[in-house]
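In: predicted model follows, preceded by the sequence.
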Amino acid sequence: MKKILFTVILLVLTVALAACGGSANESKGNADNDKSVKLGGTAGPYSDMLKKAIQPALEAKGYEVEVLEFSDYIQPNVALNSGDIDANLFQHSIYLENFSKENDMDLTGLITVPTAPMGIYSNTYSSIEDIKDGATITIPNDPVNAARTFLILQDHGLIELNPDAEPLTVSEKDIQTNVKNLVFQPIEAGQLPRSVDSADLAAVPGNFALAAEMDLLDALVLENMPDQYRNLVAVTTVNKDSQLAKDLVEIVESPEFEELIDTEFEGFGKPEWMKN
């Protein structure tokens, strides 16, 4: 009887262990096929773009998607680098390259997206032609956005820049002719929307204009933005050829994505690849 009882107990234990092993293998298989992803963006138009245009398209492909909003331009890349999120959308290629280099990160841009352009706004003048001699203009105090401002002003005949200067890094010292004798007042970019009330003109980056509930189309002129200043979807370099990366590019290149941009993000400038 003891031998029979021992055999029965041994059989029961063997079956139980086999069942546990099967459950563990099954769980590992589910993890390997997991399609839950986290996307990050700064609060405002680009987290809206993730939620309205990219998240639904990913979910249609079978992903479970969570969008995280960040309040600064540092944490989205920190979270991406650490694996807390799988992709982000908030920065242009120049910022991405500089941030990655300075912080020893290996991040890659996948594809540029339509981006809110910088505009020249005014409560004093109704057109560029109306601008008077000696008018004041507030401009961003950071070099990248200041360069964008000077390129806009040159495009509309208000200044002439040194033709030998690097377009993406031009500064006030590169101005050779100041047609209207504009007086430049550099200030923090986040304060530019409010400066529209105090200065004759204000150069306001699109994301700050939208955050202040300004209408992009109220600008006297909008920037003809180089693609280096257009925001992009970024991932870690090790994941640049992943299925998620391929799906993100496919979604952004789709006609449905462009159609939604046209209806939900009026005034956003399209990258060159989208114009072809």
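Out: Perfect, I can see it now.
In: okay, buried residues for stretch 161-177 please.
Out: For stretch 161-177, burial by neighbour count (16 or more other Cβ atoms under 10 Å) applies to L161, A165, V170, D174, I175. In short, each C-beta sits where N, CA and C put it, glycine included.
In: so which of those residues are in helices?
Out: Per DSSP state H, helices hold no members of the buried residues of stretch 161-177.
In: dump those to TSV, plus pLDDT and distance to Q228.
Out: What follows is the buried residues of stretch 161-177, written out as TSV (pLDDT from 0 to 100; distance: Cβ to Cβ, whole Å):
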residue	pLDDT	distance to Q228
L161	98	17
A165	95	16
V170	94	13
D174	98	18
I175	98	21
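In: of the residues you listed, which is the nearest to V37?
Out: V170 (39.1 Å; Cβ to Cβ).
In: OK, contacts around that closest one?
Out: A147, F150, L151, L161, N162 (Cβ atoms under 8 Å, 6 or more residues apart in numbering).
In: among the buried residues of stretch 161-177, name the ones in strands.
Out: Among those, the members falling in strands (DSSP state E) are L161, I175.
In: what's the most distant pair in the buried residues of stretch 161-177?
Out: A165 and I175 (9.4 Å).
In: phi first, then psi, for T236.
Out: Here is the backbone geometry of T236 (degrees, to the nearest 10): phi -70, psi 150.
In: would you confirm that it contacts V78?
Out: No - when contacts are counted by Cβ atoms under 8 Å, T236 is not listed as touching V78 (12.0 Å).
In: tell me which element Q55 falls in.
Out: According to DSSP states H and E, Q55 maps onto helix 55-60.
In: ok, residues contacting that helix?
Out: Contacts for helix 55-60 (Cβ under 8 Å, 6+ apart): V37, L39, V65, V67, D247, L248, I251, S254, E256, F257.
In: out of the buried residues of stretch 161-177, who's nearest T136?
Out: Of those, the one sitting nearest to T136 (Cβ to Cβ) turns out to be I175, at 15.5 Å.
In: L107 is in contact with L232, isn't it?
Out: No - with contacts counted by Cβ under 8 Å, L107 stays clear of L232, the gap being 10.4 Å.
In: need the residues touching each of those two.
Out: In contact with both L107 and L232: L96, using Cβ under 8 Å, 6+ apart.
In: which residues of the chain fall in helices?
Out: 2-32, 45-49, 55-60, 75-82, 93-102, 143-155, 192-195, 206-211, 243-252, 255-264, 272-275.
In: can I get those in a markdown table with mean neighbour count and distance to D218?
Out: Below are the helices of the chain laid out as a markdown table (neighbours: other Cβ atoms under 10 Å; distance: least, Cβ to Cβ, whole Å):
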| stretch | mean neighbour count | distance to D218 |
| --- | --- | --- |
| helix 2-32 | 9 | 50 |
| helix 45-49 | 23 | 16 |
| helix 55-60 | 16 | 29 |
| helix 75-82 | 19 | 29 |
| helix 93-102 | 15 | 26 |
| helix 143-155 | 20 | 15 |
| helix 192-195 | 20 | 11 |
| helix 206-211 | 21 | 9 |
| helix 243-252 | 17 | 28 |
| helix 255-264 | 13 | 18 |
| helix 272-275 | 11 | 24 |
